[in-house]
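> Sharing a sequence plus its predicted fold:
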Amino acid sequence: MIKQIRQTEKNDTPARVEYYGNPKAVTRMLVKLIEQGKLRYNGEDNYSRIIRTLTSVVDVVNESTGRIMSGESLVSYVKWIRAGELPEE
């Protein structure tokens, strides 16, 4: 029975995780983690590589539109945040 439960859990695990919320808030959080040195890609603070890698397993769904944000859009948000051009919401 335990073997069957484990097999069921294994098959029910989603291949991707979905986050529903404000994509700009998620991007701000990721930028903060990268700047603090808590999030790295092969030991480097490569913002675009980190975002693209995360979007391969996590779908960031814009809560207001219901659309999945592309990795490129999130990388654009990173650039705006780092340049101080993305206003707080």
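Yes, it's here.

> Give me the three-state assignment for Asp59.
Per DSSP: H, G, I helix; E, B strand; the rest coil, the local secondary structure of Asp59 is strand.

> show me where pLDDT drops low in this protein?
By pLDDT under 70, the low-scoring segments of the chain are 1-14, 88-89.

> can you map out the strands along it?
In chain order, the chain shows strands spanning 17-21, 58-62, with DSSP state E as the criterion.

> Go through the ones you listed and name the closest to Arg82.
Distances from Arg82 to each of the strands of the chain were compared using C-beta to C-beta; the minimum, 18.2 Å, belongs to strand 58-62. Backbone N, C-alpha and C define where each C-beta goes, glycine included.

> Tell me which other helices or strands the closest one touches.
Counting contacts by 3 or more C-beta pairs under 8 Å, 6 or more residues apart in numbering; DSSP states H and E, strand 58-62 is packed against strand 17-21, helix 23-35.

> Pick the most buried one from those.
Mean neighbour counts were taken over the helices and strands packed on strand 58-62 using mean count of other C-beta atoms under 10 Å, and the top value, a mean of 17, falls to helix 23-35.

> one step back: closest one to Asn62 among the helices and strands packed on strand 58-62?
Once the helices and strands packed on strand 58-62 are compared by C-beta to C-beta, helix 23-35 is nearest, at 5.4 Å.

> The closest one to strand 17-21, inter-axis angle?
For helix 23-35 and strand 17-21, the angle between their directions (axes from the mean of the first three to the mean of the last three C-alpha atoms, to 10 degrees) works out to 120 degrees.
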